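Colleague: Here is a sequence with its predicted model. Questions after.
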Amino acid sequence: MLKPQRLTTLDNDFRPQLDQLLAWDAVSNEMVTQTVRDILQNVRRHGDTALLDYTRQFDRRAIQNPQELIVSNERLQQALEGLDKTQREALEQAAERIRNYHDHQKQASWQYTEADGTMLGQQVTPLSKVGLYVPGGKAAYPSSVLMNALPAKVAGVDDIIMVVPTPDNVLNEMVLAAAAIAGVDKVFSIGGAQAIAALAYGTATVPRVDKIVGPGNIYVATAKSMVFGTVGIDMIAGPSEILVICDGQTDPDWIAKVMWLPLKVWYLVQSA
């Protein structure tokens, strides 16, 4: 069993330990960098052919045609309708709250003319296409679908393209249902650095986007860092695993607060 690492602020070496955990070099290395670089170049040169090869290799799918990478809108709706009432209501309520928040955040264009005739202002124009990467392997986060797709919808983005890995041909129903609720326009069952490459460069099947958002593993994060400039990205997300261990006497408010801390460390919470 994996033994969690415990950090204590009272230790003299607390800060060096924390810095080491937060360091990008702690999880990224030359092997990852070279692997991602090769994948990006291969997809850029060979498009759908490379996507099929990597999907067979990494997701263990017997796939022959690029059209098999497409997840239809009908399939999204099927996933939504197949949820039980509680799950569907939870997703729909979350979607409504996220949408309402970003409605208030939305900026508008404005301009004015000075006395000498100079026109000044701000033009706010939504992006045409945005790519959303959603984990779908060991971890699946329907919340990341809602939190990335809905702000884009509110902003007026024309097309939201979602990519999600489907190892062993397994589709996560909650993720697909969230995509239906959020109004994602196109979904492709691809993941990893190859999915980032497809969104950044475009293939015959996957459209090229203006910006890529969403979390992923070290290969996805490294790929996003390498395509930045060719496309926009949201950020380089690091590991966010959080482990909370309680003994039954811990204040639940403390636990809830710890779970929201945006630190890339393992937490061990105990009552005094």
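Modeller: Received it, and whenever you're ready, just let me know what you need.

Colleague: Just give the number of residues close to residue 214.
Modeller: 26 (other C-beta atoms under 10 Å). For glycine as for every other residue, the C-beta is placed from the backbone atoms N, C-alpha and C.

Colleague: hey, where'd the helices end up in the protein?
Modeller: Under the criterion DSSP state H, helices of the chain are mapped to 14-22, 30-46, 48-58, 73-82, 85-105, 142-155, 173-182, 192-201, 218-227, 252-259.

Colleague: Which one, of those helices, ends up nearest to residue 167?
Modeller: Shortest distance between residue 167 and the helices of the chain, using C-beta to C-beta, is found for helix 48-58: 7.7 Å.

Colleague: mean confidence for the closest one?
Modeller: Average pLDDT, helix 48-58: 96.

Colleague: now do stretch 81-91
Modeller: Averaged across stretch 81-91, the pLDDT comes to 95.

Colleague: and that stretch, which residues are buried?
Modeller: 83, 88, 91 (16 or more other C-beta atoms under 10 Å).

Colleague: for stretch 121-131, same thing?
Modeller: Within stretch 121-131, the residues that count as buried by 16+ other C-beta under 10 Å are 127, 129-131.

Colleague: What are the contacting residues of it?
Modeller: 107-112, 152, 155-163, 199-200, 207-214, 231-232 (C-beta atoms under 8 Å, 6 or more residues apart in numbering).

Colleague: and those residues, which are buried?
Modeller: Here, 16+ other C-beta under 10 Å leaves 152, 155, 157, 159-163, 199-200, 207-214, 231 buried among the contacts of stretch 121-131.

Colleague: hmm, back to that, closest one of the buried residues of stretch 121-131 to residue 45?
Modeller: residue 131 (19.6 Å).

Colleague: re earlier: in strands only, show me the buried ones among the contacts of stretch 121-131.
Modeller: Among the buried ones among the contacts of stretch 121-131, the members found in strands (DSSP state E) are 159-163, 211-213.

Colleague: Only alpha carbons, please: show stretch 169-179 as PDB.
Modeller: Extracted in PDB, the C-alpha atoms of stretch 169-179 (Å, rounded to 0.1, in the frame of the first residue of the first chain):
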ATOM      1  CA  ASN A 169     -13.400   0.900 -25.400                       C
ATOM      2  CA  VAL A 170     -15.000   1.900 -22.100                       C
ATOM      3  CA  LEU A 171     -16.900   5.200 -22.200                       C
ATOM      4  CA  ASN A 172     -17.700   7.000 -18.900                       C
ATOM      5  CA  GLU A 173     -21.500   7.700 -18.900                       C
ATOM      6  CA  MET A 174     -21.300  10.600 -16.500                       C
ATOM      7  CA  VAL A 175     -18.700  12.400 -18.700                       C
ATOM      8  CA  LEU A 176     -20.800  11.900 -21.800                       C
ATOM      9  CA  ALA A 177     -24.000  13.000 -20.000                       C
ATOM     10  CA  ALA A 178     -22.200  16.100 -18.800                       C
ATOM     11  CA  ALA A 179     -21.100  16.900 -22.400                       C
END
